[in-house]
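Peer 1: what's the 3D shape of this:
(2 chains)
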Amino acid sequence: MVPPQPTPSAAVPSHSYELLDRRVQQWIYEKGWTQLRDAQERAIPVILGGADDVIVAAATASGKTEAAWLPICSALLDHQAEAGVKALYIGPLKALINDQFDRLGQLCEHLSLPAHRWHGDVPGSRKAHMLRNPDGILLITPESLESLFVNHGPALARILAGLRYVVVDELHSFIGSERGAQLQSLLHRVELLLRRRVARIGLSATLGDFTAAADFLRPGRAAAVKVISSDDDNAEIRLQLRGYVDSRPPRNPPPRITTAPLLEPQEPEDASDESVARVAIADHLFSALRGRDNLVFANSKAAVETFTDLLNRRSIANRVPEEFVPHHGNLSKELREHVESRLKDRSMPVTAICTSTLEMGIDIGSVDSVAQLGAPASVSGLRQRLGRSGRRQGQPAVMRLYVTEDEINERTPPADMLRSQLVQTIAMVELLLEKWYEAPDTADLHLSTLVQQILSVIAQRGGAQPGQLFDALCGAGPFNRVDKTSFAALLRSLGRHDVLSQSTEGLLLAGGLGDKIVNNYAFYSAFTSPEEYRLHANGRNIGSLPVDYPIAPGMLLIFGGRRWKIVSIDNRQKVIELTRSSGGRPPSFSGGGGEVADTVRQRMKQIYHSTEVPRYLDQVAQQLLDQGRSAFHRYHLDNEAILDWGNDTLLFPWRGDRIMNTLAATFTSHGLEVGQDGVALTVHGTTGKALQDLIDELSVSQRPSPVDLAAKVPTKESGKYDAFLDEDLLNVAYAARSFDVAEAWSSLKSMTPSRPQS
DNA sequence: GACCTGCTGCGGCGTG
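Peer 2: I've put the predicted structure just below:
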């Protein structure tokens, strides 16, 4: 006799489980789950309610996506008869959408709920099928959703007719960026199209600021967003900060990689001009990481290539398998997928040397340790990187940080004497341990993305009245910080550039240039990308290279962890043909960096003042910290902000980059020549006395308007469509994005010696 | 000294 089967409801006894549809319970039961995870338990009743916007903040691999899908699928089963797509999932990466599609697919199949994915790599036939049979769940990128508005505008209301939920995955990756502004606009336009509100569900593992995240998810109604934060991430953290002193080898003059990305042939062994510190770091990485799975984060693509090459040559010299592989955004999809599959495969140890490409997204499980080469760019990035290790039960998160400072000689500038890279790294580690993260930067007006959205709404509706556009995008929309006057100026500016034209009835249409822009596939993204050459080797595409310096056949190159020689360059097809070689140099990539936060700089000053030595410093790092503190006191930076340095004067405000930028622009507008150099401003050709006089004068003067200050900055274009904006608009945008006049003035006041009232 | 992400529609051709 067969023993009675336990019912699904007996398998996972909990209140939330009981709320789920019987078919979803059945699926959970068949998966063999014995209980729901904390995030799931708490998210299910809220999401099933269907009316609330929700943020689910929980560590990766904590069942966060199921916390959304179990109740969503459960709710959708009640509305299967309705037409149209019922849930949208928006993901920042194609690879993430593919991952989710595979995982969600099992559940959906069990429930007979259709699931579709839509991004650039999905075949047109699948897309056509979705358009004919819109139903179930649609997994899509923001860019592809944009393309639906542009190319299927009239049909979109029908396609999305049954929409009840929008899920935004990796919510943090969108906040504050042009892409985030685009996403907000798309979500708002979906609701305008359907003439009703649709519940939004944001998922993230690293949100530093729930209020900012809620305000991003539902602008203006952040207080109503329900936040489910599941903090069961208490893995032990093991840190080591290793210091290195770089001395140039005795060759004259020392060649510098940054000035000559591709050099003539040279000896294949460790180039004799390779920095002493790099060689020592590579030696340590080789001995510490080999035989295990690790991620090594470098701060640039060039550094990724350099270290992969150094490590591979150590593998060859030691006759051991090559375990070190590069991963960055310019490598071909094939090479990157190869690295990703090697990381997922536990049978062979592998260490990926990477940029931020492996910070988030695809699920590569947990690695044994993480290394950071050079001072981290941000505390939140550091947290994200650390979180890649220690994700298996009972395993600590292990991170080694490698910081290099230059050897001191008679010409060493004060910023290097201060060992500021090391101190910045310590400040960031301390803040990380205190669970502080940078607040997302939401000051930008995103005018470039507003231009894109104006063109998109016009394409969607076949034209629009200026008032309609303002209402749809600015008034109640996500660009609500752009007022009517600025919006009118923006439209006029676009008209002058032939981006927009206006019919005699006042209807706005795309102009000649606007038409070309909308009808090119590059229109759908809100961000720019440089023109690049494809790199071919033996008929295979191995990646791409921005070419903004002279190149010629015969030149050598390190790329994808291997050494190459350029055979030919096809300027028309934009293809560089390569062949294997024994020498080479890593290429140079140009790109923007991050902004060091105010809190980090203020913490740096505290560290200089303190005598405490963090336990995670190795011996060299301790010596470097000691040297930095000695220099700090020797320069009297504990009491003074100004330091005479030859013909120049250095200013140390110990404030974030935005405030430093505001101070620099202020001094420039008073006729001074100012350079921004990490922790210091270098004021050229002036004395400390003269600078102090100016600071005293400024601190009691009226603060300038940020927009007037921006008018004096020569280059202000940064967004994709900034070229179509008039100077006045660029000034407003630049001021919002790059200045903090109030804090800059408070900094000036603090650098004024307090004088007794006479 | 400086990262990452994304991308339509259509015509033409070959194959089952």
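Peer 1: Show me what counts as buried in stretch A:291-310.
Peer 2: A:293-310 (16 or more other C-beta atoms under 10 Å). Where C-beta positions appear, they are placed from N, C-alpha and C, glycine not excepted.
Peer 1: Poorly predicted segments of the stretch 1-150 of chain A, please.
Peer 2: Of all residues in the stretch 1-150 of chain A, those with pLDDT under 70 make up the ranges A:1-12, A:60-61.
Peer 1: mind redoing it with 80?
Peer 2: Where the stretch 1-150 of chain A drops to pLDDT under 80, the residues are A:1-13, A:59-62.
Peer 1: picking that back up, in helices, which of the buried residues of stretch A:291-310 fall?
Peer 2: A:301, A:302, A:303, A:304, A:305, A:306, A:307, A:308, A:309, A:310 (DSSP state H).
Peer 1: overlap between these and the residues near DNA strand B?
Peer 2: Of the entries in these, those that also sit close to DNA strand B under the rule C-beta under 7 Å from any atom of the strand are A:301, A:302, A:303.
Peer 1: any chance of those residues in TSV, plus distance to residue A:175?
Peer 2: Supplementary listing: these in TSV, determined by distance: C-beta to C-beta, whole Å:
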residue	distance to residue A:175
A:301	25
A:302	29
A:303	27
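Peer 1: Tell me who's in contact with whatever residue of the stretch 201-350 of chain A ends up closest to DNA strand B.
Peer 2: When distances are taken as C-beta to the nearest atom of the strand, the stretch 201-350 of chain A reaches nearest to DNA strand B at residue A:329, 3.0 Å away. Residue A:329 makes contact with A:301, A:355, A:357, according to C-beta atoms under 8 Å, 6 or more residues apart in numbering.
Peer 1: give me the number of residues near the second one?
Peer 2: By that I understand residue A:355. Close neighbours of residue A:355, defined as other C-beta atoms under 10 Å, add up to 20.
Peer 1: That one contacts residue A:304, doesn't it?
Peer 2: Yes. At 6.0 Å, residue A:355 and residue A:304 qualify as touching, with contact defined as C-beta atoms under 8 Å.
Peer 1: ok, and the closest non-adjacent residue to the residue nearest the centre of chain A?
Peer 2: For chain A, residue A:173 is the residue whose C-alpha lies nearest the centre (C-alpha atoms, centre = their mean; 6.1 Å). Once its chain neighbours are removed from consideration, residue A:173 has its nearest residue in residue A:92; the separation is 4.9 Å (C-beta to C-beta, 6 or more residues apart in numbering).
Peer 1: Residue A:315 now?
Peer 2: For residue A:315, the closest residue by C-beta to C-beta, 6+ apart turns out to be residue A:322, at 4.7 Å.
Peer 1: I'd assumed residue A:316 was in contact with the one you found.
Peer 2: Yes. Judged on C-beta under 8 Å, residue A:322 makes contact with residue A:316 at a distance of 7.3 Å.
Peer 1: Which of the two has more residues huddled nearby?
Peer 2: Of the pair residue A:322 and residue A:316, residue A:322 is the one with more neighbours under other C-beta under 10 Å, namely 14 against 10.
Peer 1: what about residue A:242, neighbour count?
Peer 2: Neighbours of residue A:242 (other C-beta under 10 Å): 20.
Peer 1: what's across from it in the sheet?
Peer 2: Going by DSSP bridges, residue A:242 is paired in beta bridges with residue A:402.
Peer 1: Wait, it touches residue A:404, no?
Peer 2: No. Distance between residue A:242 and residue A:404: 9.6 Å, which falls outside the contact criterion (C-beta under 8 Å).
Peer 1: got any residues that touch both of these two?
Peer 2: What both residue A:242 and residue A:404 touch, as defined by C-beta under 8 Å, 6+ apart, is the set residue A:281.
Peer 1: Can you tell me which residues in the stretch 351-500 of chain A are near DNA strand B?
Peer 2: So the stretch 351-500 of chain A meets DNA strand B at A:355, A:356, A:357, A:374 (C-beta under 7 Å from any atom of the strand).
Peer 1: List buried residues within those residues.
Peer 2: A residue is treated as buried here by neighbour count (16+ other C-beta under 10 Å); on that basis the buried members of those are A:355, A:357, A:374.
Peer 1: is it fair to say residue A:533 lies in a strand?
Peer 2: Yes. Remark: residue A:533 belongs to a strand, assigned using DSSP: H, G, I helix; E, B strand; the rest coil.
Peer 1: For it, give me its contacts.
Peer 2: With contact taken as C-beta under 8 Å, 6+ apart, residue A:533 is in contact with A:544, A:545, A:546, A:547, A:569, A:574, A:575, A:576.
Peer 1: Which strand residues bridge the third one?
Peer 2: It refers to residue A:546. Counting by DSSP bridges, residue A:546 forms beta bridges with residue A:532.
Peer 1: okay, now it: neighbour count?
Peer 2: As a burial measure, residue A:546 scores 16 neighbours (other C-beta under 10 Å).
Peer 1: Can you tell me what sits against stretch A:309-320?
Peer 2: Applying C-beta under 8 Å, 6+ apart, the set of residues contacting stretch A:309-320 from outside is A:269-270, A:274, A:278-279, A:282-283, A:285-286, A:290, A:321-324, A:351, A:353, A:558, A:561, A:563, A:584, A:586.
Peer 1: List the buried residues in it.
Peer 2: Residues A:309, A:310, A:311, A:312, A:313, A:314 are the ones in stretch A:309-320 that count as buried (16+ other C-beta under 10 Å).
Peer 1: For DNA strand B, give me its nearest residue in the stretch 101-250 of chain A.
Peer 2: Closest point on the stretch 101-250 of chain A to DNA strand B, by C-beta to the nearest atom of the strand, is residue A:120, at 2.7 Å.
Peer 1: quick revisit: now for the ones in helices among the buried residues of stretch A:291-310: which two are most distant?
Peer 2: A:301 and A:310 (15.2 Å; C-beta to C-beta).
Peer 1: before we move on, the earlier item: just put the buried residues of stretch A:309-320 in CSV and tack on distance to residue A:186.
Peer 2: Shown next, in CSV, are the buried residues of stretch A:309-320 (distance: C-beta to C-beta, whole Å):
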residue, distance to residue A:186
A:309, 42
A:310, 44
A:311, 43
A:312, 44
A:313, 48
A:314, 48
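Peer 1: Where does residue A:52 sit: helix, strand or coil?
Peer 2: On the three-state scheme (three-state DSSP), residue A:52 is labelled coil.
Peer 1: Distance-wise, check it relative to residue A:226.
Peer 2: For residue A:52, the distance to residue A:226 (C-beta to C-beta, to the nearest Å) stands at 5 Å.
Peer 1: Overlap of the contact sets of those two?
Peer 2: Both residue A:52 and residue A:226 are contacted by residue A:46, under the criterion C-beta under 8 Å, 6+ apart.
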